[in-house]
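In: when you get a sec, could you give me coordinates for this:
(one chain, ligands or ions: 2)
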Amino acid sequence: MEKLMIEGGHPLEGTVQISGAKNSAVALIPAAILADTPVTIDNLPGISDVQLLGDLLREIGGEVELSLADQEIKIDPSNMIAMPLPNGKVKKLRASYYLMGAMLGKFNKAVIGLPGGCNLGPRPIDQHIKGFEALGARVTNEQGAIYLRAEELRGARIYLDVVSVGATINIMLAAVRAKGQTIIENAAKEPEIIDVATLLTSMGAKIKGAGTNVIRIDGVDSLKGCRHSIIPDRIEAGTYMILAAAIGQKVIIDNIIPYHVDSLIAKLREMGVSVETNDDQVLIHNTGEKKGVDIKTLVYPGFPTDLQQPFTTLLTQASGTSIVTDTIYNARFKHIDELRRMGANVKVEGRSAIINGKTPLQGAKVRASDLRAGAALVVAGLTAEGVTELSGLEHVDRGYENLEKKLLGLGAKLWREKLTEDEMDQVKS
Ligand SMILES: CC(=O)N[C@H]1[C@@H](OP(=O)(O)OP(=O)(O)OC[C@H]2O[C@@H](n3ccc(=O)[nH]c3=O)[C@H](O)[C@@H]2O)O[C@H](CO)[C@@H](O)[C@@H]1O
Ligand SMILES: C=C(OP(=O)(O)O)C(=O)O
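Out: Ligands and ions are numbered 1, 2, ... in the order given. Next up, the predicted model:
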């Protein structure tokens, strides 16, 4: 196990290339199960969630060629079977829940262990199950695994009680080969949902309305392979934008779709940060003093919960009081204790964090409890005086491709070291 050593205080400058979107990739890979011939996906991010999903598809008989150097995965689903996956790697990531929709859609049955992923408080999947049941599946939870079985899947009208990215995509996956029409109402509108619908459409599916709150799917008998390129990762892009605002001089965030990060751009400008955009880039010009602002996380196109944690770190460097409210997850504040350890003046009240800035941060030994807590602490470490030792890198590696390489390219000073025996013991206890 390793820790990231971050020597803070070096201003960042230059251009950073953004990878393909994690939250698209982790849905597109399971979607390939639904095809009868090979699917190739490019602009693939080199992150551990992608490797785990490649392994899971191999476990069910898929031929998977994964080349991180070429940023590409080729999946031949011809010999896949409905192998039960009640335990093991499914528990290591959230997106293993997409194996439920994809295997149900292809084989009319699936057994998948309950998913893992970031611990952000309760993350139920009742809306996924409600959708599968409406399509005609019997769903039971037996000893921590979800058993799904259907004689035949039939299209249905499904109203989601909660706007859910995962449930919207999972129901699409199960419905594309069902008999008749499925209508998903109160669907989520995230760009990753459009990306999955684009892949499925190239495979021969009939989907209208992805990206709006009503999605209509006309089931087809079979789907074929195709090639698809993943959209840029708006959360990785947002993380580098936040870093640039915290400790950048002039930083260009390249290979992105700027309107995907409109809500962040608006908040950065409100703080007094200069942001320019063109077709596929954002330029952040940090001119020094920043004003505190309030943010409330919302479903897309609102401010993304996945940027709330790194943005909280940025607010410790802004003057005045800022309030951050997370309306999506009630316990996404595990980074706050670590920020306090570094000198931040932040308290949590219910679903909100109240930040009093501006406070200088000092390097410290801190631990990432989840993926974006890790991102928040990387921002803090690079901003702080002295050296920060960040452990819990297995979370960070789920979502940031080549983190050190990209940051070194911007002039940051950081490196990985092995955990000492004492530190290993602390992790185990
Ligand atoms: C792999 C992936 O794409 N992960 C993203 C996805 O997670 P995920 O798909 O898990 O998040 P959802 O959009 O489903 O969750 C949104 C809210 O709905 C609730 N809910 C969800 C489903 C359900 O059946 N019942 C229910 O009550 C959740 O507890 C949460 O409060 O969207 C989140 C919200 O943008 C992001 O933080 C995650 O990065
Ligand atoms: C919460 C996240 O991921 P996951 O849903 O995969 O746990 C995230 O990407 O911030």
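In: can we go C-alpha only for contacts and neighbour counts from here?
Out: Will do.
In: can you tell me how far N79 sits from L199?
Out: 21 Å (Cα to Cα, to the nearest Å).
In: the two - which one has more neighbours?
Out: L199 (22 against 12; other Cα atoms under 10 Å).
In: any idea how far the more buried one lies from I193?
Out: 10 Å.
In: with G411 instead?
Out: Counting by Cα to Cα, the gap from G411 to I193 is 35 Å.
In: the more surrounded of these two?
Out: Between G411 and I193, counted using other Cα under 10 Å, I193 has the larger neighbour count: 23 against 14.
In: stretch 261-275 vs ligand 1: in contact?
Out: No: counting by Cα under 6 Å from any ligand atom, no contacts exist between stretch 261-275 and ligand 1, the nearest distance being 13.4 Å.
In: may I have that stretch as PDB, with CA atoms only?
Out: C-alpha atoms of stretch 261-275 as PDB (Å, rounded to 0.1, in the frame of the first residue of the first chain):
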ATOM      1  CA  VAL A 261     -19.200  22.400 -16.000                       C
ATOM      2  CA  ASP A 262     -21.400  25.500 -16.300                       C
ATOM      3  CA  SER A 263     -22.500  25.300 -12.600                       C
ATOM      4  CA  LEU A 264     -18.900  25.300 -11.400                       C
ATOM      5  CA  ILE A 265     -17.900  28.100 -13.800                       C
ATOM      6  CA  ALA A 266     -20.700  30.300 -12.400                       C
ATOM      7  CA  LYS A 267     -19.500  29.700  -8.800                       C
ATOM      8  CA  LEU A 268     -15.900  30.300  -9.600                       C
ATOM      9  CA  ARG A 269     -16.700  33.600 -11.300                       C
ATOM     10  CA  GLU A 270     -18.900  34.600  -8.300                       C
ATOM     11  CA  MET A 271     -15.800  34.000  -6.200                       C
ATOM     12  CA  GLY A 272     -13.800  36.400  -8.400                       C
ATOM     13  CA  VAL A 273     -11.800  33.800 -10.300                       C
ATOM     14  CA  SER A 274     -11.300  34.600 -14.000                       C
ATOM     15  CA  VAL A 275     -12.700  31.800 -16.300                       C
END
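In: could you export stretch 16-35 as CSV, CA atoms only?
Out: Output of stretch 16-35 as CSV, limited to C-alpha atoms (Å, rounded to 0.1, in the frame of the first residue of the first chain):
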residue,chain,number,x,y,z
VAL,A,16,-3.9,19.4,-18.4
GLN,A,17,-5.6,16.8,-20.6
ILE,A,18,-8.8,15.4,-19.3
SER,A,19,-9.6,11.7,-19.6
GLY,A,20,-12.8,9.9,-20.5
ALA,A,21,-15.6,10.0,-17.9
LYS,A,22,-15.5,7.5,-15.1
ASN,A,23,-19.3,7.5,-14.7
SER,A,24,-19.8,6.9,-18.4
ALA,A,25,-17.1,4.2,-18.7
VAL,A,26,-18.5,2.2,-15.8
ALA,A,27,-21.9,2.0,-17.5
LEU,A,28,-20.7,1.6,-21.1
ILE,A,29,-18.6,-1.5,-20.3
PRO,A,30,-21.5,-3.5,-18.8
ALA,A,31,-23.7,-2.2,-21.7
ALA,A,32,-21.5,-4.1,-24.1
ILE,A,33,-23.0,-7.4,-22.6
LEU,A,34,-26.2,-6.6,-24.5
ALA,A,35,-24.6,-6.8,-27.9
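In: just how off-centre is that stretch within its chain?
Out: 10 Å (Cα atoms, centre = their mean, to the nearest Å).
In: so where does P122 fall, helix or strand?
Out: Using DSSP states H and E, P122 sits within no helix or strand.
In: quick one: contacts for it?
Out: P122 is in contact with Y329, counting by Cα atoms under 8 Å, 6 or more residues apart in numbering.
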